[in-house]
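Output the structure for:
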Amino acid sequence: MARVLILSSLVAASRVGGGAQALALARLSIEPILVPTVLFGRHPGYGPPGGAPVDAQIFEAMIAGVEAQGLFAQLDAVITGHFSTPEQVAIAADTLGRIRLAAPAARLIVDPIMGDDGRLYVKEAVADAITALLAPLADIVTPNAWELARLSGRAVSDPLSAVAAARSLGRPVMVSSVWSGGEIGAAYVDGEEAWLASHTPAQGVPKGTGDLLTVLFVASLLGRYPPPAALELAVGGVAEAVAVTDGRGELPITALPAVIAPSSRVRLAPIHG
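Numbering: from 1, shown residues only. Down below sits the predicted model:
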């Protein structure tokens, strides 16, 4: 059984962040290990979330416990997501370095959760630490379009500009929230290779779709799908989940199929240019 370490948020009542990713992995028979960076009762977008960031010393000690159990060498992938303090980011960067030594084949996936729609969701010092410390360690970076623009210093408005910005990072990128001809989707860029998986936008999209996209992409890679196919499967999985979102506006993680399957809603095409 594949095993994935998640360094991200745990939000009790909202299907977002690392908690949602752990549920999705378990649904897909992949063993999750979640070390939380924050403990919230609900998503802050609903109002005061309750809870607090995890103290950096506690965060570091939890990671040390996972390492002491000998699990670093057994990891197939690591996903980093939400961080509350620069200290947490530094600890995560050090952790990725140790995992690289213990499990050289493990994929290091950095989701640089910083913001969207023109504004930061985290403190600027956290965003700067993610850019300086974590992104350079990634095997694959998975930003949204706004985060890719911040990471690269280049405007991202369509597939071609997304490809140019991604290539400037010098590593594979899977970027979400890419608009093309009235459709929305995600692009995968690795050197000269570039693909777009897109679909008709839905109404009333719940929170957490970016988290779900990243984890389904990782799960597909671990299922030995090549990156373009993994992109198509991940985008399709998110589109299907959004289509059956319940009345509470939460992603139906436990209703996801137990296997990742193609979706007729999604179109995969190479990006030329």
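
hey, where'd the helices end up in the stretch 51-200 of the chain?
Counting by DSSP state H, counting those that start in this stretch, one finds helices in the stretch 51-200 of the chain at the ranges 56-68, 86-102, 124-129, 145-152, 159-168.

Any chance of JSON lines for those, columns distance to Ala13, mean neighbour count and mean pLDDT?
All C-beta atoms are positioned from the backbone trio N, CA, C, and that covers glycine. Formatted as JSON lines, the entries for those read as follows, by distance: least, C-beta to C-beta, whole Å; neighbours: other C-beta atoms under 10 Å; pLDDT from 0 to 100:
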{"stretch": "helix 56-68", "distance to Ala13": "22", "mean neighbour count": "15", "mean pLDDT": "98"}
{"stretch": "helix 86-102", "distance to Ala13": "22", "mean neighbour count": "19", "mean pLDDT": "98"}
{"stretch": "helix 124-129", "distance to Ala13": "24", "mean neighbour count": "17", "mean pLDDT": "98"}
{"stretch": "helix 145-152", "distance to Ala13": "25", "mean neighbour count": "23", "mean pLDDT": "97"}
{"stretch": "helix 159-168", "distance to Ala13": "33", "mean neighbour count": "21", "mean pLDDT": "98"}
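
Redo the ones you listed as a markdown table? Include distance to Glu250.
A markdown table is the format used below for these (distance: least, C-beta to C-beta, whole Å):
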| stretch | distance to Glu250 |
| --- | --- |
| helix 56-68 | 26 |
| helix 86-102 | 26 |
| helix 124-129 | 26 |
| helix 145-152 | 23 |
| helix 159-168 | 28 |
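
which one of those lies closest to Ile113?
Closest to Ile113 of the helices of the stretch 51-200 of the chain is helix 145-152 (C-beta to C-beta; 7.6 Å).

And what about Ser8, helix, strand or coil?
Three-state assignment for Ser8 (DSSP: H, G, I helix; E, B strand; the rest coil): strand.

right, and it touches Gly18 too?
Yes - between Ser8 and Gly18 there is a contact under C-beta atoms under 8 Å: 3.2 Å.

Find the residue closest to Trp179 in space, skipping its chain neighbours.
With sequence-adjacent residues excluded and distances taken as C-beta to C-beta, 6 or more residues apart in numbering, Trp179 is closest to Asp158, at 6.6 Å.

hang on, I meant Gly45
Lys207 (6.1 Å).

Val242 too?
Spatial nearest neighbour of Val242, chain neighbours left out: Ala202 (4.9 Å); criterion: C-beta to C-beta, 6+ apart.
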